[in-house]
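J.: sequence first, predicted coordinates after that:
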Amino acid sequence: MKKQNFLKLTERVQIAIELGESHFREFKSAYEGPPQDKEPRKPKAVCVDVARTLVAFANADGGELLIGIEDDGTVTGIPYEDEALLLVLDSPQTHVHADTPLPTIRATKITYDRKSLLYFSVPKGSDSVYLTSDGRCLVRRDLESVPAASEQIQFSRAEIASREYDRAFVDGAKVTDLDIRHTGVIAEQISKGMSIEKCLQHLELAEFDGSSLRLRRAALLLFAKEPTKWHPRLHVRILKIDGTEINSGEAYNVTSDEDVNGNILSLIGSSWELLRPHLTETRFSSDAVFKKQIIYPELACREALTNAIAHRDYNIEGRGLEVRIFTDRMEIVSPGSLLSSIDIEDLRAHNGAHQSRNALISRVLREVGFMRELGEGMTRIFSLMHKNDLTPPLLESTNDTFTITLEHKYVYTKKEKLWLESFSDYDLSREQRTIVLLGYNDKPISPSQIWEAVGIVDTDYYRQLIESLHDLGILYNVATSKEAYNTARARGVDKKKIPRFAIRSPSGRQAPQEEKGTPRELDETEYTRIYVANIPFEASATEIQEALNPFGEVVEVITPVDRFTGQSRGFSFVEFSNAEAAERAVQASGEIELHSRRLYVQKAVPKGTEPDH
């Protein structure tokens with residue numbers, strides 16, 4: 001091994017700063033206070049930070065911590081003398097629970113950019129649930145170290161071998177056993193001019209022992225030139241079945257049985273190219289033309305396939321990954337059950353639950369762009385199926401397999417699907433189709449039904465949807481705004497709950513009622529939501545409503561909460577009964593007080609784009 005191929009710690013720090021904080025990397029400042037008047041933090045407080053971060057890394061997928069670097073990557077160094085330095089360097093032992101000592105820790109002082117830094121690293125743990133000295137259990141989730149119940153990260157002894165499989169060193173394996181086409185591209189992508197050997201060390205795929213470079217099994221699974229030499233079932237098998245079950249004997253109904261082999265990086269691409277043609281089918285249309293029809297959304301299938309390749313149990317060497325394509329569904333069956341630290345109900349709720357069986361493989365795929373945010377894959381699959389009006393994926397975990405099933409089954413009934421298909425010439429968006437479905441069988445539609453079904457938070461977008469359908473001649477008014485207002489007052493309900501619209505079938509028949517008014521009336525009287533920021537975390541919906549009642553009738557208060565802590569995120573969407581009340585609230589922005597805090601108000605924007613204050 002050439003000396004220049006040993007990845008120095010200073011080079012590792014430089015690369016870490018270039019890449020920034022991640023699921024595997026954290027920066028901590030040794031200073032506190034306002035930018036122009038920062039003071040050194042107390043060493044004991046830094047010790048607590050070190051222990052909590054390393055515990056979270058060990059309970060997840062391992063990682064590295066650098067003290068003396070700001071969140072934005074600015075190197076500010078550490079101001080401590082020898083005694084304080086030793087205190088912080090010892091914190092992985094002194095501030096971690098004695099019954100759950102961390103696995104091999106690296107803790108050292110380093111000089112970088114003429115400033116002193118402290119560098120810590122810890123591998124993924126496999127034999128304990130790690131706790132801080134005060135009994136706190138934390139786990140790394142993307143960029144945060146968050147509290148977790150010990151039960152959530154418990155795993156059986158059988159899982160230890162599974163989790164450690166990709167981390168084990170392989171005797172006799174050399175860099176020449178790897179496909180340099182892949183490793184070279186990735187090294188250049190991470191840092192221009194980086195050697196393959198340094199790239200492997202940076203990704204924790206290899207370790208220099210002073211005389212040679214030792215490869216971990218993950219390096220071979222990812223990059224091997226001859227994959228079957230290192231794993232007998234590094235492949236994906238794709239079966240096409242004529243029916244809803246696989247039969248045997250004379251009734252054997254597998255019409256296509258294809259197999260593709262390769263290292264993981266090549267397998268992701270080659271297996272996708274083999275699967276992709278099966279996602280469409282050719283049908284004889286009503287206009288006597290053969291047309292291709294998409295059965296499953298491509299992005300959902302690719303996400304499911306990539307996740308299966310990344311997270312399967314490679315410790316089970318006697319079985320590979322199978323994709324079974326039936327006439328009514330597609331099953332992706334992975335060797336290995338779901339990790340005991342993950343509840344299948346959390347996946348079904350697609351709330352971002354994540355823990356990697358193959359920590360190194362997942363890290364490489366994430367760092368080089370084959371996978372995106374860790375823990376978000378299942379959420380995207382559910383979302384894509386929903387956007388294509390298909391039923392949610394089915395998830396099943398047995399003792400030795402994990403299966404995700406995508407069904408070619410619409411969320412609509414057959415009659416509802418026929419109703420929507422009658423509007424196919426209009427090329428409607430999903431939101432427009434949702435409104436059209438509300439009007440199935442000549443049902444009158446209220447504004448509140450539209451807001452709820454489509455998930456709207458912006459009045460302008462609501463207005464655009466209504467007017468677009470009106471301009472197409474699909475939607476018409478069955479009541480004017482004034483009639484809806486009078487009816488609402490008589491019934492003692494909100495005006496938005498009064499049906500005002502109906503859907504005209506494209507068959508050409510006359511509307512069942514004469515059209516009344518136009519959607520343009522929305523400009524003056526439609527319901528309006530506002531965005532309220534700087535709300536005290538402890539404020540209740542009732543208190544928010546009372547603070548805004550002076551401007552007009554508050555119809556609804558929605559306060560988003562953090563999915564992990566359940567705490568308010570400090571802002572709300574508030575709906576008034578009319579636009580004038582909302583406008584008055586906007587004009588009073590900064591003058592409204594709640595729990596001695598000033599509330600800042602502006603017109604609501606679509607979900608996911610709320611402004612910062």
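T.: Happy to help now that I have it. Numbers count the residues shown, from 1 in each chain.
J.: now name the helix or strand holding Glu593.
T.: Element membership for Glu593, per DSSP states H and E: strand 592-594.
J.: counting by contacts, list what that strand packs against.
T.: On a contact count with 3 or more C-beta pairs under 8 Å, 6 or more residues apart in numbering; DSSP states H and E, strand 592-594 meets helix 541-548, strand 597-603. All C-beta atoms are positioned from the backbone trio N, CA, C, and that covers glycine.
J.: chain center to that strand, what's the gap?
T.: Centroid separation for strand 592-594 versus its chain: 35 Å, with C-alpha atoms, centre = their mean, to the nearest Å.
J.: stretch 174-187 too?
T.: 30 Å.
J.: strands of the stretch 101-250 of the chain, start to end?
T.: 106-112, 115-122, 138-141, 144-147, 206-208, 213-215, 235-241 (DSSP state E, counting those that start in this stretch).
J.: run through who's touching the fourth one.
T.: Okay, so that is strand 144-147. Applying C-beta atoms under 8 Å, 6 or more residues apart in numbering, the external contacts of strand 144-147 come out as 26, 52-53, 55-57, 136-139, 564-565.
J.: buried set for that strand?
T.: Ser145 (16 or more other C-beta atoms under 10 Å).
J.: drop anything exposed from the contacts of strand 144-147.
T.: 26, 52-53, 55-57, 136-139.
J.: so which of those comes closest to Leu438?
T.: Of all the buried ones among the contacts of strand 144-147, Leu438 sits closest to Val139, with 42.3 Å by C-beta to C-beta.
J.: related to what we said a few turns ago, what average pLDDT does the strand holding Glu593 get?
T.: The average pLDDT within strand 592-594 is 92.
J.: just checking: what are the partner strands of that strand?
T.: strand 597-603 (antiparallel) (DSSP bridges).
J.: next, the angle from the partner strand to helix 541-548.
T.: With axes from the mean of the first three to the mean of the last three C-alpha atoms, to 10 degrees as the basis, strand 597-603 and helix 541-548 are set at 80 degrees to each other.
J.: neighbouring contacts of strand 597-603?
T.: 459, 528, 530-536, 547, 582, 585-586, 588-593, 611, 613.
J.: make it 10 Å
T.: 458-460, 528-536, 539, 544, 547-548, 551, 570-572, 574, 579, 582-593, 610-611, 613 (C-beta atoms under 10 Å, 6 or more residues apart in numbering).
J.: how about low-confidence regions in the stretch 51-200 of the chain?
T.: 151-160 (pLDDT under 70).
J.: sorry, back to before: export the strands of the stretch 101-250 of the chain as a markdown table, with columns for distance to Asp257.
T.: Shown next, in a markdown table, are these (distance: least, C-beta to C-beta, whole Å):
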| stretch | distance to Asp257 |
| --- | --- |
| strand 106-112 | 48 |
| strand 115-122 | 45 |
| strand 138-141 | 40 |
| strand 144-147 | 45 |
| strand 206-208 | 37 |
| strand 213-215 | 34 |
| strand 235-241 | 5 |
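J.: so which of the ones you listed is the most packed in?
T.: strand 138-141 (a mean of 24; mean count of other C-beta atoms under 10 Å).
J.: wait, doesn't Ile450 sit right on Ile466?
T.: Yes - in this structure, Ile450 is within contact of Ile466 by C-beta atoms under 10 Å, at 7.6 Å.
J.: between these two, which contacts overlap?
T.: In contact with both Ile450 and Ile466: 435, 475, 500-501, using C-beta under 10 Å, 6+ apart.
J.: right, and the pair among the residues you listed with maximum separation?
T.: Ile435 and Arg500 (12.3 Å).
J.: next, show the common contact partners of those two.
T.: Going by C-beta under 10 Å, 6+ apart, residues that sit against Ile435 and also against Arg500 are 445, 450, 466.
J.: against Gly172, how distant is the last one?
T.: By that I understand Ile466. 69 Å (C-beta to C-beta, to the nearest Å).
J.: out of the two, which sits in the busier spot?
T.: Applying other C-beta atoms under 10 Å to Ile466 and Gly172 shows that Ile466 carries more neighbours, namely 23 against 6.
J.: for the more buried one, pull up the helix or strand it's in.
T.: Ile466 belongs to helix 459-471, assigned by DSSP H and E.
J.: following that helix, which helix or strand shows up next?
T.: strand 475-477.
J.: what's the neighbour count on Lys387?
T.: Neighbours of Lys387 using other C-beta under 10 Å come to 12.
J.: residues near the nearest residue to it once chain neighbours are set aside, how many?
T.: Sequence neighbours aside, Arg430 is the residue nearest to Lys387 in space, at 6.1 Å (criterion: C-beta to C-beta, 6 or more residues apart in numbering). Per other C-beta under 10 Å, the neighbour tally for Arg430 reads 11.
J.: check Ile196 too.
T.: Neighbours of Ile196 (other C-beta under 10 Å): 20.
J.: for it, list the residues it contacts.
T.: 5, 175, 178, 180, 182-184, 186-188, 206, 213, 223.
J.: try Gln545
T.: Gln545 neighbours (C-beta under 10 Å, 6+ apart): 553-557, 572, 574.
J.: quick check: the farthest pair among these?
T.: Top of the distance list for the contacts of Gln545 (C-beta to C-beta): Glu553 and Ser572, 16.3 Å.
J.: of the two, which one has the most company?
T.: Neighbour comparison, Glu553 and Ser572: the larger count goes to Ser572, with 23 against 14 (by other C-beta under 10 Å).
J.: what's across from that one in the sheet?
T.: According to DSSP bridges, beta-bridge pairing links Ser572 with Val532.
J.: that one contacts Phe537, correct?
T.: No - the pair Ser572 / Phe537 is not scored as a contact, 11.5 Å apart, by C-beta under 10 Å.
J.: hang on, the earlier thing: adding distance to Lys603, write the contacts of Ile196 out as TSV.
T.: Formatted as TSV, those follow (distance: C-beta to C-beta, whole Å):
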residue	distance to Lys603
Asn5	58
Val175	59
Leu178	56
Ile180	56
His182	50
Thr183	52
Gly184	52
Ile186	46
Ala187	49
Glu188	47
Ala206	55
Leu213	59
Phe223	52
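J.: distance check, Gln36 against Gly73.
T.: 20 Å.
J.: which one's more surrounded, these two?
T.: Gly73 (14 against 5).
J.: gap between the more buried one and Ile544?
T.: 38 Å.
J.: and Glu32, how many neighbours does it have?
T.: 11.
J.: can you tell me the closest non-neighbouring residue to it?
T.: Nearest to Glu32 is Arg41, by C-beta to C-beta, 6+ apart, at 5.0 Å.
J.: just checking, that neighbour touches Val50?
T.: No - if you go by C-beta under 10 Å, Arg41 and Val50 don't touch, sitting 11.6 Å apart.
J.: cheers, nothing more for now.
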